[in-house]
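>>> pasting the structure only:
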């Protein structure tokens, strides 16, 4: 599975969009991009995933560049409850769901 | 609401004790996982199971064993606990097939070994 690179920390003002970048330059054609977040003292929570096309659900949007070497998770209207560590993970369609978590980005949403 | 339940939120054990961490999921998932999380090291996979009575080593299986006698239950066993096994332990489950990257995690079990 391809490695990912994320900034260690970011700040965002409450009510504004939070854009979290992720580089995965070695991603291969059958690998998906997954995003999780972990709020303090809780288990990680799945947010969204995608292969080539942009994806949107009730939590966030995922924008994947055309060459698939990077992606951005967008929280459209960040709230204080979105303060968490966000993990970008790349994995293939097989391998029974084993995920490799990196260090992630700590997002601090400020009032 | 889907749920992964870990038996104990906090445990304190002594060095050399045998420790059982239990995890139950109610989603009829095929795959179950045990991770540990430590500051600066992130989440590391200990063991996973893709079917009843099946198990696979993760990245750090030493000092641990697992048991999956029923589909909904996945147990992590520390045969002889040591202080370096003080950690947060996280259980997760996922369905098979194309959605295998969507894991559902429990709230975690914080183990302290004295």
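Received the coordinates, thanks. Computed from a prediction, not measured in an experiment: that's the story for all the values here.
>>> does residue B:78 really touch residue B:66, like I thought?
No - applying C-beta atoms under 8 Å, one finds residue B:78 not in contact with residue B:66, separated by 10.7 Å. For glycine as for every other residue, the C-beta is placed from the backbone atoms N, C-alpha and C.
>>> for residue 33, what are its contacts?
As the question left the chain open, I've gone with chain A. Residues near residue A:33 by C-beta atoms under 8 Å, 6 or more residues apart in numbering or on different chains: A:22, A:24, A:27, A:49-51, A:62, A:64, A:68, A:71, A:88-90.
>>> to clarify, I was referring to chain B.
A:97-98, B:45, B:47-49, B:58, B:74, B:91-94, B:103.
>>> between these, which is nearest residue A:76?
Nearest to residue A:76 out of the contacts of residue B:33 is residue B:103 (C-beta to C-beta; 24.3 Å).
>>> tell me the phi and psi of the residue of chain A found nearest chain B?
Residue nearest to chain B within chain A: residue A:43 (3.1 Å; C-beta to the nearest C-beta). Torsion angles at residue A:43 (phi, psi; degrees, to the nearest 10) stand at phi -70, psi 160.
>>> what segments of chain B are strands?
B:4-6, B:10-13, B:19-25, B:31-38, B:42-49, B:56-57, B:65-70, B:73-78, B:87-94, B:104-105, B:109-113 (DSSP state E).
>>> how about those strands in JSON lines, adding mean pLDDT?
Listed next are the strands of chain B as JSON lines, based on pLDDT from 0 to 100:
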{"stretch": "strand B:4-6", "mean pLDDT": "96"}
{"stretch": "strand B:10-13", "mean pLDDT": "96"}
{"stretch": "strand B:19-25", "mean pLDDT": "97"}
{"stretch": "strand B:31-38", "mean pLDDT": "94"}
{"stretch": "strand B:42-49", "mean pLDDT": "92"}
{"stretch": "strand B:56-57", "mean pLDDT": "92"}
{"stretch": "strand B:65-70", "mean pLDDT": "97"}
{"stretch": "strand B:73-78", "mean pLDDT": "97"}
{"stretch": "strand B:87-94", "mean pLDDT": "95"}
{"stretch": "strand B:104-105", "mean pLDDT": "94"}
{"stretch": "strand B:109-113", "mean pLDDT": "97"}
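>>> between these, which one is nearest to residue A:79?
strand B:104-105 (21.4 Å).
>>> so which elements touch that closest one?
Packing contacts for strand B:104-105, counted by 3 or more C-beta pairs under 8 Å, 6 or more residues apart in numbering or on different chains; DSSP states H and E, involve strand B:87-94.
>>> so what touches the strand it packs on?
Contacts for strand B:87-94 (C-beta under 8 Å, 6+ apart): A:43-44, A:97, B:4, B:6, B:21, B:23, B:25, B:27, B:29-38, B:43, B:74, B:76, B:100-106, B:108-111.
>>> burial measure for the closest residue to chain A within chain B, as a count.
Using C-beta to the nearest C-beta, the closest approach of chain B to chain A is made by residue B:105 at 3.1 Å. Neighbour count of residue B:105, defined by other C-beta atoms under 10 Å in any protein chain shown: 22.
>>> that one and residue A:5, how far apart?
23 Å (C-beta to C-beta, to the nearest Å).
>>> who are the contact partners of residue A:65?
Shown in contact with residue A:65 (C-beta under 8 Å, 6+ apart): residue A:71.
>>> torsion angles phi and psi at it?
Main-chain torsions, residue A:65, degrees, to the nearest 10: phi -60, psi 160.
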